[in-house]
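> I would like to see how this sequence folds:
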Amino acid sequence: MEDKKILEVKDLVVSFDTFQGAVQAVRGVSWYLKEKETVAIVGESGCGKTVSIQTVIGLNPRKNGSVKGGQALFEGKNLLDLTEKEMRDYQGNELSIIFQDPFTFLNPTMTVGQQIMEPYLQHNKVSKQEAREKALEILKMISLPNPEENMKRYPHQLSGGMRQRIMIAMALICNPKILFADEPTTALDVTIQAQIMELMNSLKDKINTSIVLITHDMGVVANMAERIYVMYAGEIVEHGDVDTIFNHPRHPYTWGLLGSVPRLDKKIQEDLYSIPGTPPDLISPPAGCAFAARCKYACKICKTQKPPRIDFEEKEHYANCWLNHPEYIRRNGVVRREGGYDGE
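Presented below is the predicted three-dimensional model:
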């Protein structure tokens, strides 16, 4: 029996009005999440990863942000149709988020204990004592040292790793069905990064939650996610399970992301790959493939026509790239990237 889809985003289009024009931040994005699954959305800064999840959870400002189309179906209900007041029943309760920089999002005037208790008090008819006991339970679950003492402290009195654990505790205290983790380890050193990722993996089974991981670091998702969506310039350009994306990527942008990750099987003197150029201006996106200007394999059609979705033999593996089109392969042969695959 196929796992149930707990969240399904369909053809999401989001733009932001500026004095220069409308920034088309998300351009027809579709993805889904199954129960008790971890999905990663990866890509460079500015590609639309955060905008897409903040739109789903109702955190984008409605003053200059506009959903132009699409759906976000959570257990069959379209979240995009809900008012801000209706969304508050879901935010921090059914849907929770761990932000990138905990120091920015934690209130410096409140103890961390008060901040952890706040969502639990808001969504449950309980006393402060019950909320405090629940907060202590969560802090022990995430292995925060001296939880009773640290609950009395303010954010500036804790280390970066401890603040991130506080953010995780706030997100988990209501036992959400979906946890959105937006670059949860960016501001941490590599040792703490590993601890946080291991913690999130273990908590997923303990509280039966699903996770959407947002990151630009392919190395972070290797042991965390089951499936990966590669996003570029507001669009999904490739999707597949982790093994397929790492071993048989089909899009030049994915090749670039993977090439920028250090590998133990490479010679020490080799430089890490750097994708040339910059992402396109999304006020006036290119007519063809958004990655064409930075792709050394780009041909004439790449610059004039959007590439179609090409599905491959691997389960649910697809990429939007002309290099994989049967007619291109017939005329030019399979394109192989340096150091490995790909196209066969």
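
> per-residue confidence for residue 150?
You'll see residue 150 listed with a pLDDT of 93.

> now do the one 10 residues further on
Looking at residue 160, its pLDDT stands at 82.

> over to residue 205?
pLDDT, read off for residue 205, is 78.

> now swap in residue 270 and tell me
Confidence score, pLDDT, at residue 270: 65.

> same deal with residue 265?
Residue 265 is assigned a predicted lDDT (pLDDT) of 64.

> now for residue 23, how many residues are close by?
The tally of other residues near residue 23 (other C-beta atoms under 10 Å) stands at 22. Every C-beta, even on glycine, is put in place using the N, C-alpha and C of the backbone.

> quick one: it is in a strand?
Yes: with DSSP: H, G, I helix; E, B strand; the rest coil as the criterion, residue 23 is assigned to a strand.

> quick check: it vs residue 189, distance?
Distance, residue 23 to residue 189, by C-beta to C-beta, to the nearest Å: 33 Å.

> can you verify my assumption that residue 99 contacts residue 59?
No: judged on C-beta atoms under 8 Å, residue 99 makes no contact with residue 59 at a distance of 9.7 Å.

> of the two, who's got more company?
Higher neighbour count among residue 99 and residue 59: residue 99, with 20 against 17, using other C-beta under 10 Å.

> state the distance from that one to residue 164.
10 Å.

> which residue ranges of the stretch 151-300 of the chain form helices?
Secondary structure of the stretch 151-300 of the chain (DSSP state H, counting those that start in this stretch): helices at 160-172, 190-207, 218-221, 242-247, 252-259, 300-304.

> tabulate these (TSV), appending distance to residue 318 and mean neighbour count.
Compiled in TSV, those are given as follows (distance: least, C-beta to C-beta, whole Å; neighbours: other C-beta atoms under 10 Å):
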stretch	distance to residue 318	mean neighbour count
helix 160-172	31	23
helix 190-207	26	15
helix 218-221	18	20
helix 242-247	10	18
helix 252-259	12	23
helix 300-304	17	15
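
> lowest mean pLDDT across those, which one is that?
Note on the helices of the stretch 151-300 of the chain: lowest mean pLDDT is at helix 190-207, with a mean of 77.

> how close does residue 170 get to residue 208?
When residue 170 is compared with residue 208 (using C-beta to C-beta), they lie 18 Å apart.

> pretty sure residue 328 is in a strand, no?
No: using three-state DSSP, the assignment for residue 328 is helix, not a strand.
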